[in-house]
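In: output the structure for:
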Amino acid sequence: MSNESDGRALNKLGRLVAHQDNPDRLLSELVALARETTNADAGSLYLIDPSREELLFRVIQSQSLSLDWNHTQGTPSPLPNLAMDGSDGFHFALDALTAHKAVVGIPDKAHGGTLKNAAMLGYSPKLIASVAILAEGTSIGVLQVINPQGGRFSRKDLNDLFALASVAGSVVRNSRILVDLKRANELNQARRTLISGIAHDLKSPLAIIANAGDVVAEVEGMASLGEGIRKEAEVLLSLTNDLVDLLRMEEGLESSNPVPFDVAETVAGITSGLDSLFDRVGADCELLLPEGIAGFFDGRHFRRILLNLISNALHHGKGKSVIVSARTTRSGVEVVVQDEGPGIPTSQQTELFEPKSRKGSGGAFGSGLGLSVSRRLAHLNNADLILAPSRVGARFVLSFPSA
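Out: Residues are numbered from 1 along each chain as shown. Predicted structure coming up:
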């Protein structure tokens, strides 16, 4: 076979791979291309099962029988799978698995399995060519064509078949990857739907529990219990809100609407709403906010980020002061939230913004989602959130455009 002819076959296969995103349809088109290239009436494709005990039919085609079967069509295979040990009769496909070239032959009594399957279809195989499909040096299946026009396979036909099979290993491997990705996406969607539903159902009961904590705290001798109830309910409610926000961002449903705002006025307003929280913890909030600094941010997102950072600072700082400061930089504005706690171990800093559970040396640090949500909200606003070096405690810096 000439290099030019071989190139045409591979080019066709390349176009199939590039434009066909259905892996099962891709296998059918691969067999059709093998038949077209070798002028064969029929063709089939087998894949070895994971236990390597059977060759599984995946595609069976025949122009004369008007047969075009794919294993995903919902109908049973017209032929049984092949036992790898030849116990159900030997097949040309099994020959191909141990050879590194196209195996061609006329079915006879030595290939009883092939003849038996052909009889089940009412088909008469005159000549068969089979070649193993390899992936990373291991046989994973067989590509087979049957009954060429003119009664024989030319050297060109066999070279074409071998060339197609050599590329087919990558096609089959990638088709499996596509299936795995599809299943993973379906599982992720189901997970997101479940979590979103649970989170939505939890919001109202948690708010009621938090309010009940206030009522209990007013009963003589029950202040500590009531405070504990409210605190735990608030933690769970915060986690629930973080889950909903994270899922929205993963789905691309969260958008930002940045607007100019006065940084000092906005930060002071947010922190004043936390006075009762600071009083309960016994901590102070020190504000270092120069006047005249204007930023550009989505107001709802800015509030959410600052509340997350201050909440973490209060918890991690163990009742010590929290300092919130602002300044202008060459690139925009920075708002810094600094606590006086034990800080965050270096070993945990690389995954600090990942959505997972985490603990600092002083106990649990956040819900495991708050910082991840905060950074993603920052990125939606052309901003960034980082953990900056600090001699004492944890120092978070939110940088964003100036107005």
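In: could you list the residues in contact with the host helix or strand of Ser276?
Out: Assessed by DSSP states H and E, Ser276 sits inside helix 275-281. By Cβ atoms under 8 Å, 6 or more residues apart in numbering, the residues outside helix 275-281 that reach it are 227, 284-285, 314, 319, 322. To be clear about C-beta, it is placed using only N, CA and C from the backbone, and glycine gets the same treatment.
In: what pLDDT, on average, does it get?
Out: Helix 275-281 shows a mean pLDDT of 75.
In: could you do stretch 263-272 as well?
Out: Mean predicted lDDT for stretch 263-272 stands at 92.
In: which residue ranges of the stretch 101-250 of the chain form helices?
Out: For the stretch 101-250 of the chain, applying DSSP state H, counting those that start in this stretch gives helices covering 112-121, 155-217, 223-250.
In: picking up where we left off before, what's downstream of the helix holding Ser276, the next helix or strand?
Out: Next in sequence after helix 275-281, counting helices and strands by DSSP H and E, comes strand 285-288.
In: related to what we said a few turns ago, send the alpha carbons of the helix holding Ser276 over as CSV?
Out: Extracted as CSV, the C-alpha positions of helix 275-281 are listed here (Å, rounded to 0.1, in the frame of the first residue of the first chain):
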residue,chain,number,x,y,z
ASP,A,275,-21.4,44.8,67.5
SER,A,276,-23.5,42.2,69.3
LEU,A,277,-21.3,39.4,68.0
PHE,A,278,-18.2,41.2,69.2
ASP,A,279,-19.8,41.8,72.6
ARG,A,280,-20.6,38.1,72.9
VAL,A,281,-17.1,37.0,72.0
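In: got the buried residues for stretch 302-322?
Out: Under the neighbour-count criterion of 16 or more other Cβ atoms under 10 Å, stretch 302-322 has 302-317, 320-322 buried.
In: among those residues, which lie within helices?
Out: Taking DSSP state H as the definition of helices, the buried residues of stretch 302-322 contribute 302-316.
In: can I get whichever strand or helix holds Leu385 in CSV, CA atoms only?
Out: Under the criterion of DSSP H and E, Leu385 resides in strand 384-388. The C-alpha coordinates for strand 384-388 follow below in CSV (Å, rounded to 0.1, in the frame of the first residue of the first chain):
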residue,chain,number,x,y,z
ASP,A,384,-8.3,38.8,44.6
LEU,A,385,-8.1,37.5,48.1
ILE,A,386,-4.9,36.2,49.6
LEU,A,387,-3.3,35.2,52.9
ALA,A,388,-0.4,37.7,53.4
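In: name the helices or strands packed onto that strand?
Out: Under the contact definition 3 or more Cβ pairs under 8 Å, 6 or more residues apart in numbering; DSSP states H and E, strand 384-388 sits against helix 370-380, strand 395-400.
In: need the residues that contact it.
Out: With Cβ under 8 Å, 6+ apart, strand 384-388 has contacts from 305, 336, 344, 349, 352-353, 371, 374-375, 378, 394-400.
In: now list the buried members of those residues.
Out: Buried members of the contacts of strand 384-388, counted by 16+ other Cβ under 10 Å: 305, 336, 344, 352-353, 371, 374-375, 378, 394-400.
In: that older thread, just the buried residues of the helix holding Ser276, please?
Out: Using 16+ other Cβ under 10 Å as the test for burial, helix 275-281 gives 277-278, 281.
In: any idea which helix or strand in this protein has the lowest mean pLDDT?
Out: Within the chain, no helix or strand scores below strand 363-364, which has a mean of 39 by mean pLDDT, DSSP states H and E.
In: domain parsing for this protein?
Out: Per automatic domain parsing, the domain ranges recorded for the chain read 3-183, 255-400.
In: how about those in CSV, adding distance to Leu246?
Out: Output for the domains of the chain, formatted as CSV (distance: least, Cβ to Cβ, whole Å):
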stretch, distance to Leu246
domain 3-183, 21
domain 255-400, 5
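In: tell me which of those lies nearest to Ala212.
Out: Nearest to Ala212, of all those, is domain 255-400, at 16.2 Å by Cβ to Cβ.
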